[in-house]
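I'll drop the sequence and a predicted model, then ask my questions.
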Amino acid sequence: MNKLPKLCKFCIFTVLAILCAAIAAGCGRTVDGESAGSMYTVSGAERTGGKDVLNVPTDTETFDIMSVITVAEGYEISVSYDLNGKRKTPATAPLSFGDNKFYVTVTGEEVEVYELIVHRNRLFKFVFDLNGGEGNIPDQTVEEGALVSVPETEPERLGYDFGGWDFDFTQKASSQSKGIWSNCRTVP
């Protein structure tokens, strides 16, 4: 029985492993958002970390994904909820608040799978904490990414001057703002 030296067996195994990896990379389904631009584009989407991210307003309960996708000549696409393409999306897919993950399968000379995130903006309730003051400052419901409006009225507090809110109204809303008070002389 002819035995190959250990080094020779190792070399053969290494070459076979490299060949198998090369074949798999060229023929298999991959998630690789970097080259998607030449095969397909998503109108209005931003490429982030190899994914296409598309933001839609809060009131968008269903979405026609195919209406925003353009595919290069000679390629076809399908959209699914899962990486292997078995759970196809309906023509108009329902959206939850936050991130909705879809997989776009692009078929042509090769098959590639890309991740598409459709982000349905959340609604935030912005609360003004009067911080010991009194007044009617209504809460505001703001869509994610929107700005909170400065209240038209100011709260009052006996013996204090209202110094404003501890929130930068040029920034997007988080959840709450407290009133800032400064001491003033007490009125008898």
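Looks like it came in fine. Numbering: from 1, shown residues only.

Helices of the protein, start to end?
Under the criterion DSSP state H, helices of the chain are mapped to 6-27, 36-39.

Report the rounded mean pLDDT for the first one.
Confidence over helix 6-27, taken as the mean pLDDT, stands at 44.

domain parsing for the chain?
Listed by automatic domain parsing, the domain ranges of the chain are 29-120, 123-183.

Including mean neighbour count, could those domains go into a markdown table?
For the C-beta atoms, the positions are set from N, CA and C on the backbone; glycine is no exception. Output for the domains of the chain, formatted as a markdown table (neighbours: other Cβ atoms under 10 Å):
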| stretch | mean neighbour count |
| --- | --- |
| domain 29-120 | 15 |
| domain 123-183 | 14 |
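
Quick check, Asn121 in contact with Lys172.
No. Counting by Cβ atoms under 8 Å, Asn121 sits too far from Lys172 to count as a contact (11.0 Å).

so what's in contact with these two at the same time?
Counting by Cβ atoms under 8 Å, 6 or more residues apart in numbering, the contacts common to Asn121 and Lys172 are Glu144, Gly145.

which stretches of this protein have low pLDDT?
Within the chain, the stretches with pLDDT under 70 are 1-38, 173-188.

same thing but at 50, please
For the chain, applying pLDDT under 50 flags the ranges 1, 7, 10-11, 14-36, 184-188.

For stretch 65-76, list the C-alpha coordinates in PDB.
Presented in PDB, the C-alpha positions along stretch 65-76 are these (Å, rounded to 0.1, in the frame of the first residue of the first chain):
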ATOM      1  CA  ILE A  65     -41.200  46.900  -1.400                       C
ATOM      2  CA  MET A  66     -41.000  46.200  -5.100                       C
ATOM      3  CA  SER A  67     -42.100  49.800  -5.900                       C
ATOM      4  CA  VAL A  68     -38.800  51.200  -4.600                       C
ATOM      5  CA  ILE A  69     -36.400  48.600  -6.000                       C
ATOM      6  CA  THR A  70     -34.800  48.900  -9.400                       C
ATOM      7  CA  VAL A  71     -32.900  46.000 -10.900                       C
ATOM      8  CA  ALA A  72     -30.200  46.000 -13.500                       C
ATOM      9  CA  GLU A  73     -30.900  44.500 -17.000                       C
ATOM     10  CA  GLY A  74     -30.600  40.800 -17.000                       C
ATOM     11  CA  TYR A  75     -31.400  40.300 -13.300                       C
ATOM     12  CA  GLU A  76     -34.600  39.300 -11.500                       C
END
